[in-house]
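Visitor: please find the sequence and the predicted model below.
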2 protein chains.
Amino acid sequence: MEGRRLEKERDIDDLPKNEANYTALTPLWFLKRAALVHPHRRSVVHGSVQYTWLQTYQRCCRLASALSNHSVGFGSTVAVIAPNIPAIYEAHFGVPMSGAVINAVNIRLNAPTIAFLLEHSSSAVIMTKAVNVIQKNLQYAISKGAIEYENFLESGDPEFLWKPPQDEWNSIALGYTSGTTSSPKGVVLHHRGAYLTATSNIVGWGVPQGAVYLWTLPMFHCNGWCFTWTLAAICGTNICLRQVTARGVYSAIIDHGVTHFCAAPVVLNMIVNASPQDTILPLPRRVHVMTAGAAPPPAILFKMSQNGFRVTHTYGLSETYGPSTICAWKPEWDNLPPETQAKLNTRQGVSSSALEVLEVVDTQTLRPVPSDGTAIGEIVFRGNVVMKGYLKNSKANTEAFAGEWFHSGDLAVKHPDGYIEIKDRLKDIIISGGENISSVEVENSLYQHPMISEASVVARPDNRWGESPCAFVTLKEGVDKLDEGKIAVDIMKFCRAKMPAYWVPKSVVFGPLPKTATGKVQKHLLRARAKEMGPVNVSKL
Amino acid sequence: MEGRRLEKERDIDDLPKNEANYTALTPLWFLKRAALVHPHRRSVVHGSVQYTWLQTYQRCCRLASALSNHSVGFGSTVAVIAPNIPAIYEAHFGVPMSGAVINAVNIRLNAPTIAFLLEHSSSAVIMTKAVNVIQKNLQYAISKGAIEYENFLESGDPEFLWKPPQDEWNSIALGYTSGTTSSPKGVVLHHRGAYLTATSNIVGWGVPQGAVYLWTLPMFHCNGWCFTWTLAAICGTNICLRQVTARGVYSAIIDHGVTHFCAAPVVLNMIVNASPQDTILPLPRRVHVMTAGAAPPPAILFKMSQNGFRVTHTYGLSETYGPSTICAWKPEWDNLPPETQAKLNTRQGVSSSALEVLEVVDTQTLRPVPSDGTAIGEIVFRGNVVMKGYLKNSKANTEAFAGEWFHSGDLAVKHPDGYIEIKDRLKDIIISGGENISSVEVENSLYQHPMISEASVVARPDNRWGESPCAFVTLKEGVDKLDEGKIAVDIMKFCRAKMPAYWVPKSVVFGPLPKTATGKVQKHLLRARAKEMGPVNVSKL
């Protein structure tokens, strides 16, 4: 009987892979397919420049060919330092079609940081904002000189016979974490995960074939949450914005027929707080917006919804290929008051269809916390859309993958409906008198204050309680900023009506908030400022 | 320099897989996710029986648990012989959750054929239409007796800790080709391909989250083209039809809010030819229909479109997980006359997003045919949605995978726009005087004849030309069938106006067409009948 069972197993499970039934998963085929199916459809529009999918495919083939001619291929990294222009879109295909890895660099970083990244990534070629291509020597200094991008493309073959990767685990992209902490880490992503996230973006958001997509999100930010590749899968149209302004967003919606865009919460804030002359309402059609990054305050989601935008809230990290959780909308929310809807929608939600396991675990025991909406734990991931690891950083890899989970560093609760909600970054939580205070919840309340445009709350040393909340706020345009002391008192009073007394910020500081290139508030800078202010004394209360 | 290059390669490409960043692709997670995200949404509706996603998940866990308790797991095959009832839907998850392979058996086969399949598949357990579960002894005869399905589920644990497959190449399903040819072959599919096709069904057809899907297609037919798993990925609702009738389809659209269904062309034929009392028009909403199988005649597509259905035409085989090509709609077709649209839409189109390479190759050289719309070659596939192989049939595997392609056995042309169009099955092509006659094209013309409801054309031996076309036709209801000779002459005259003289059927035979369980016309039976009729003589003309 044992023998019989073994024979049976061999029959049904040992049919081997062959050339016809197995190939590496990669999003590169999506581009070839788009060029075949919709050769004349607009692929990328940037001002007066526009290409069709056939043109984009041929330009990507040329890029891959030209890179190959310069000995760039498997094992090479190509750095791209550019805003959202056609060249960076093309690099997302042309570079991996040559076998190399694309390293899209945040253009808002300062020169020493960019120099560090280029050194750390060992980039063989740099494509810069000025649309030039530079081949570097082995000392990673610019030496061989720059080649103008269009000339470089011209040197390549539009019929280049690119090959898919030998292995879908091969790297497709390298991206550096945006540096809310001190040293950037190089996140390495593979073809398999890029394919799966490009697809789950479509499944979760319901993006139809041919959608017109507006780029407010920089493509250098986690490869535009993998939407670079998603757009080829749906044969859609990429609309590039020269400058991300409210006026620019509304104009693109009118002029280009935009149906979808992704945006950091800071962009949503900009849209809902835009002046009437920069606002074009009503929208000519339903516009779908995906947001992620920090939790958008409910007040902003509510206003977006009032303006006719349908906001889908997702969450993820560069380490999880961008959006890997989604606050999936439930029909039973349809009849709730809009404010309640907005509050439910600020939660980070559930796993995307591509993420196998999402959990919130106790930081000590790594056991799942109860789904009670109050127990706080760390968000952890397990599955195919988790990065390969950090480049040349085994210490960080050991920490990130401890206990067979990928650790997000974000603290959350799990609600009775299974949806998770971020309460804070592991390092942003404020511990006052031994009690946890969620800086995010305090911020959400502050956003409801009629004078406040932006708010960020961090821990300030406190002689009595160890730490206490310190609020940094930006006031709305038009608010009289002369009497800040009075406004601060009003804000504290406003908070006392909404939260436990020990959560109320003991200090309120006015002024613009320091932000990363992607619009994340740099809390480590605010923490440093709060520390410089010295400890809160009891007498001050 | 070489050493430096090698070190670099290791850095960027040798970050290994670990428990947190790699797991086997499988559609099973979709079910767990649906139960978490939409626990109270209807999952499966069958008459008065309906379940929610939480219930379906728990029932599938119970099934997997109960099977495990009976020593069914990795290496086992479970045969399911049932129409579209909740139990067969549950088996698509519960069986692989136990580690076993689901073998959904065509219920319309005769007893000896089913006995052959059960023997050939070495099925350890049989779930039958009467919703019983039978464990078989090693002689594959029913011996241990049947267990009523609900009692069997009751014995299982709703919290069963199922595991994803160790390897995504592990088999998930076994299905026997429907037997338009003599001996059924067992097509083995893996978890990876099931995941990818479940997803590409969504990407290509633009299926939104929560779609209401009507089952006209049997789930035993290629796992319902992988829509069994697609429905869990979109957290949609499965509506089971007790009997596939036009009235049933229209009623389900009204009563259950159906938005999508798949159907063989024979079902579309039934819908457009339904009597007024079985037709409920106008439709309360746009209904999306995916069809595949045989090429639907343009006349039927045209009528469907007039009735408000949006028909997406796909093509594939059991060996390619169902739909692996799609006739992707182009906006430039929107303004064409409806008849032209229908004609363009009968083409098999382009690869689905999950199929990496689709080609039409010369049957001798295996080189791609030119995209000229006239050169005929065989449709071949290469990619991740091609089967593992045929079970215990190395001869068939060698033939199917010859030359690093999977061979469909279908003959097609490639049009200048890259879309492929089937001209015939390799074995259905009629060769008359050395010239190829596409039986499909002759059939398409016959479908335009006002009296014809169904038509199938095969080769009949011909003393002068070797072979000549013989048409088998079914007349529409209400047509006076008394003067068949006169109608035959009229049909031939009709054809002469539409095609080369040597394509015109030299014989017309009236009566119902023999069909497989999935509605495919069994041309081998018609060929046998045409042969029995004896050769066409010149004098007969």
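Guide: Ah, there it is. Numbers count the residues shown, from 1 in each chain, chains lettered A, B, ... in the order given.

Visitor: domain ranges for chain A?
Guide: For chain A, automatic domain parsing gives the domain ranges A:23-195+A:206-236, A:429-540.

Visitor: so A:N444, which of the three states?
Guide: On the three-state scheme (DSSP: H, G, I helix; E, B strand; the rest coil), A:N444 is labelled helix.

Visitor: which residue packs closest to it, ignoring adjacent ones?
Guide: The shortest distance from A:N444 to any non-neighbouring residue, by CB to CB, 6 or more residues apart in numbering or on different chains, is to A:P297 (5.2 Å). Placement of C-beta: from N, CA and C, glycine included.

Visitor: give the contact list for the one you found.
Guide: By CB atoms under 8 Å, 6 or more residues apart in numbering or on different chains, the residues touching A:P297 are A:P265, A:T346, A:E443, A:N444, A:Y447, A:Q448.

Visitor: which pLDDT does the model give the third one?
Guide: In other words, A:E443. For A:E443, the pLDDT comes out at 92.

Visitor: hang on, isn't it packed against A:E454?
Guide: No. Here A:E443 does not reach A:E454: they are 9.0 Å apart, not a contact under CB atoms under 8 Å.

Visitor: more neighbours, these two?
Guide: More crowded of A:E443 and A:E454, by other CB atoms under 10 Å in any protein chain shown: A:E443, with 24 against 21.

Visitor: ok, that one to chain B distance?
Guide: 27 Å (CB to the nearest CB, to the nearest Å).

Visitor: you'd agree A:I429 is up against A:L411?
Guide: Yes. Assessed by CB under 8 Å, A:I429 is found in contact with A:L411 at 5.9 Å.

Visitor: quick one: mean pLDDT for stretch A:167-179?
Guide: Mean predicted lDDT for stretch A:167-179 stands at 89.

Visitor: just name the most buried of the domains of chain A.
Guide: Most buried of the domains of chain A, by mean neighbour count (mean count of other CB atoms under 10 Å in any protein chain shown): domain A:23-195+A:206-236, with a mean of 21.

Visitor: hmm, that one in reach of chain B?
Guide: Yes. Counting by CB under 8 Å from any CB of the partner chain, chain B is contacted by domain A:23-195+A:206-236 at A:23, A:25, A:29-30, A:33, A:36-38, A:40-41, A:74-77, A:101, A:122, A:138, A:164, A:169-171, A:174, A:188, A:206, A:208-210, A:233-235.

Visitor: circling back to that earlier point, can you lay out the domains of chain A as TSV showing distance to B:L54?
Guide: Listed next are the domains of chain A as TSV, based on distance: least, CB to CB, whole Å:
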stretch	distance to B:L54
domain A:23-195+A:206-236	23
domain A:429-540	30
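
Visitor: closest residue of the stretch 401-541 of chain A to chain B?
Guide: Closest to chain B within the stretch 401-541 of chain A is A:E404: 3.8 Å, counting by CB to the nearest CB.

Visitor: give me the number of residues near A:I300?
Guide: Using other CB under 10 Å, A:I300 has 22 neighbouring residues.

Visitor: any weak-confidence spans in the stretch 401-541 of chain A?
Guide: Along the stretch 401-541 of chain A, the model assigns pLDDT under 70 to residues A:517-518, A:538-541.

Visitor: one more: chain A?
Guide: For chain A, the ranges with pLDDT under 70 are A:1-10, A:129-145, A:178-183, A:293-295, A:517-518, A:538-541.

Visitor: quick check, central residue of it?
Guide: Most central in chain A under CA atoms, centre = their mean is A:G322, positioned 4.8 Å from the mean C-alpha point.

Visitor: I figured it hits A:M219, correct?
Guide: No. Taking CB under 8 Å as the definition, A:G322 is not a contact partner of A:M219, at 11.4 Å.

Visitor: A:F472 against A:S456, yeah?
Guide: Yes. At 4.9 Å, A:F472 and A:S456 qualify as touching, with contact defined as CB under 8 Å.

Visitor: tell me, what's touching these two both at once?
Guide: Common neighbours of A:F472 and A:S456, counting by CB under 8 Å, 6+ apart, are A:L513, A:L526.

Visitor: pull the distance from the helix or strand harbouring A:V311 to the chain's centre.
Guide: In this structure, A:V311 sits in strand A:309-317 according to DSSP states H and E. For strand A:309-317, the gap between its own C-alpha mean and the chain's C-alpha mean amounts to 10 Å (CA atoms, centre = their mean, to the nearest Å).

Visitor: how about A:P461, what does it touch?
Guide: Contacts of A:P461 by CB under 8 Å, 6+ apart are A:E467, A:A530, A:K531, A:G534, A:P535, A:V536.

Visitor: same thing but 6 Å
Guide: Taking CB atoms under 6 Å, 6 or more residues apart in numbering or on different chains as the criterion, A:P461 is in contact with A:P535.

Visitor: same question for A:L525.
Guide: For A:L525, the contact set (CB under 6 Å, 6+ apart) comprises A:P514.

Visitor: ok, A:F261 next?
Guide: A:L214, A:T216, A:V289.

Visitor: one more pass at 8 Å, please.
Guide: Applying CB under 8 Å, 6+ apart, the residues near A:F261 are A:Y213, A:L214, A:W215, A:T216, A:L217, A:V249, A:V287, A:H288, A:V289, A:M290.

Visitor: what's the answer for A:Y22, then?
Guide: By CB under 8 Å, 6+ apart, the residues touching A:Y22 are B:N384.

Visitor: and it, helix, strand or coil?
Guide: coil.

Visitor: contacts for stretch A:79-87, please.
Guide: Stretch A:79-87 is contacted by residues A:44, A:46, A:49, A:51, A:56, A:59, A:88, A:91, A:95, A:102-105, A:107, A:114, A:117-118, A:121, A:123, A:125-129, A:131, A:149, A:215, A:218-220, A:240-241 when judged by CB under 8 Å, 6+ apart.

Visitor: stretch A:403-419: how far from the chain's middle?
Guide: 18 Å.

Visitor: then that stretch to CSV, C-alphas only?
Guide: Coordinates of the C-alpha atoms in stretch A:403-419 are reproduced here as CSV (Å, rounded to 0.1, in the frame of the first residue of the first chain):
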residue,chain,number,x,y,z
GLY,A,403,10.7,35.5,14.2
GLU,A,404,9.7,34.6,10.7
TRP,A,405,7.8,37.9,10.2
PHE,A,406,8.7,41.1,8.4
HIS,A,407,8.4,43.9,11.0
SER,A,408,6.8,47.1,9.9
GLY,A,409,7.8,49.2,12.9
ASP,A,410,4.2,50.4,13.0
LEU,A,411,1.9,50.0,16.0
ALA,A,412,-1.7,49.2,15.5
VAL,A,413,-4.9,47.7,16.9
LYS,A,414,-7.1,45.1,15.3
HIS,A,415,-10.8,45.9,15.4
PRO,A,416,-13.5,43.3,15.9
ASP,A,417,-14.2,43.3,12.1
GLY,A,418,-10.5,42.3,11.5
TYR,A,419,-9.5,45.7,10.1
